[in-house]
Every structure is written in C-alpha cells, then in structure tokens.
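Visitor: With the sequence up front, the predicted model follows.
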Amino acid sequence: MINRIVQINKKWSDHFSTKKEFFCTEMESYTDTLKMLIEKSLNSANSILEVGGIDRPLWYKNKDLIYDGLDIEYKDKCEEIYDHFIVQSIEEPVNGKYDLIISRTLLEHVPDNKKAFNSIYQALSEHGETIHYFPIIIKTYIK
C-alpha cells in the first residue's frame, strides 16, 4: 500500500512540476509571489479589498484604484493604509463590489469558511478575482 502511495505521489509531483508558474516561483517569499499575482490582476482591476490585512497590507493606497481594507479590529494606521476601512468579520456580507479581493494567512482562522467565501463571492464585481494565501500546515483550526 505504501509503495502505491509513493508512486502516486511521484506521478503527481512530476505532473505539477510542469505547472511551475502556478505552484512556485523564483520569489524570495510567499508575500513576493502574492504581490506578483496582484500586479498581474491589476490590468483589469479598479478596486481591491484586502481582508485581514489591518496594518500589514499586501498592496498600497494610490490614486489609480480604490484600496479598501476589512478586519475584525481597527488600528489608527488603517486610515493611512487604505482608502476606506471596514471593521467586521468576512463572514458577514460586505457592502460594496470589488474587482480583486485578497487575503494572506487569514482564512484558516475564520470559524465559518462557507460564510466567508460566500461573502467574498458576493462582494466580487462581475469579472472579479480573488487571491488568497493559506499556510500549508495541519492545525485543528483548519476546517
């Protein structure tokens, strides 16, 4: 049985190794990879919602797009970082539509991911996209 699992693992590893741009990059960190993906999505984005970024944003406020933040707490620095800041859980419906919704190491802490992803989906504009980073770990809070 274990030999079969190893064979399957090798087969899929070989398959995914040809998909390098989707699974790994030459970037120094996952944050750099996320920023690269965000930049690629900006061609068609006029608005970004960063969920859970609070005072450690992935992107930056600028005159070319709306950059809003959402988190369950507020810090004074949020006004400098985002155009608008929403204090609420992502499990609750978001008022507004966004071309790009991003998060980093957040969704594994959300109690109800079904509600969270429904809220994210409902907040997307017609051709909106999402980019999320989940750490690859096994913890009891991952559901």
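Guide: Thanks, I have it.

Visitor: Scan the chain for its longest strand.
Guide: The single longest strand within the chain, with elements called by DSSP state E, is strand 124-133.

Visitor: which ones are touching the nearest residue to residue 133 once chain neighbours are set aside?
Guide: Using CB to CB, 6 or more residues apart in numbering and skipping the chain neighbours, the partner closest in space to residue 133 is residue 104 (4.5 Å). Backbone N, C-alpha and C define where each C-beta goes, glycine included. Contacts for residue 104 were tallied using CB atoms under 8 Å, 6 or more residues apart in numbering; they are 30-31, 34, 52-53, 58, 132-133.

Visitor: Where do the strands of this structure begin and end?
Guide: Remark: strands assigned in the chain by DSSP E are 47-51, 66-71, 84-87, 98-104, 124-133.

Visitor: on that earlier part again, most surrounded residue in the contacts of residue 104?
Guide: Neighbours here mean other CB atoms under 10 Å. Within those, the largest count is held by residue 53, at 23 neighbours.

Visitor: If the residue nearest to it when sequence neighbours are not counted is in a bridge, with which residues?
Guide: Distance criterion CB to CB, 6+ apart; nearest residue to residue 53, sequence neighbours excluded, is residue 69 at 5.4 Å. With beta bridges defined as DSSP bridges, residue 69 has these partners: residue 50, residue 85.

Visitor: distance of residue 69 from residue 124?
Guide: As judged by CB to CB, to the nearest Å, residue 69 and residue 124 stand 17 Å apart.

Visitor: who has more neighbours, these two?
Guide: residue 69 (25 against 17).

Visitor: contacting residues for the more buried one?
Guide: The neighbours of residue 69, taking CB under 8 Å, 6+ apart as the test, are 49-51, 53-54, 57, 78, 81-82, 84-86.

Visitor: and residue 64, how many neighbours?
Guide: Residues near residue 64, counting by other CB under 10 Å, number 8.

Visitor: So it versus residue 101, what's the distance?
Guide: Separation of residue 64 from residue 101 (CB to CB) stands at 18 Å.

Visitor: Check residue 7 too.
Guide: Residue 7 is 39 Å from residue 101, by CB to CB.
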